[in-house]
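In: Predicted model follows, preceded by the sequence.
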Amino acid sequence: MGHRIFKMSFASIYPHYVTKVEKKGRTRDELDEVICWLTGYSVAGLEQTIADKIDMAAFFDEAPAMHPNAELITGVICGVRVEEIEDPLMQKIRYMDKLVDELAKGRAMEKILRV
């Protein structure tokens, strides 16, 4: 049931996000801010999910609160429009991917955070 990514640990994906944004001149703190905005985790909570090696399904199931503006995240990721993804978990994962992409592309934080 579900995609392979659902069972991957957030800890295994996070370093790829860090590398992607740092290669483009952004910081890990900015990455954490974006992920925390989306999920409601604190930085300490984010670090705990990494230490616990929880999978992506649990990462989003246990997220304190998905940001109400997450539905404003639109666009294409992996050839699919994020707003058209039917599986709620896959949509949350792709929302996070889209935010990381926007950060790496140099978009202003106010725009990324849909302020």
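Out: In hand now; what should we look at? Numbering: from 1, shown residues only.
In: how about the helices in this protein?
Out: Here the chain has its helices, by DSSP state H, at 10-23, 28-39, 43-52, 56-61, 88-104, 109-112.
In: Which among the ones you listed is found nearest to His67?
Out: helix 28-39 (5.5 Å; Cβ to Cβ). C-beta: built from backbone N, CA, C; applies to glycine.
In: Dump the helices of the chain to CSV, plus mean neighbour count, mean pLDDT and distance to Cys78.
Out: Formatted as CSV, the helices of the chain follow (neighbours: other Cβ atoms under 10 Å; pLDDT from 0 to 100; distance: least, Cβ to Cβ, whole Å):
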stretch, mean neighbour count, mean pLDDT, distance to Cys78
helix 10-23, 15, 97, 14
helix 28-39, 18, 98, 17
helix 43-52, 14, 97, 23
helix 56-61, 20, 97, 15
helix 88-104, 20, 96, 7
helix 109-112, 13, 95, 19
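In: Show me the residue at the heart of the chain, geometrically.
Out: In the chain, the centroid-proximal residue (Cα atoms, centre = their mean) is Met96; its distance is 2.4 Å.
In: mind listing what it touches?
Out: Ile35, Leu38, Thr39 (Cβ atoms under 8 Å, 6 or more residues apart in numbering).
In: and which of the residues you listed is nearest Thr74?
Out: Of the contacts of Met96, the one sitting nearest to Thr74 (Cβ to Cβ) turns out to be Leu38, at 14.2 Å.
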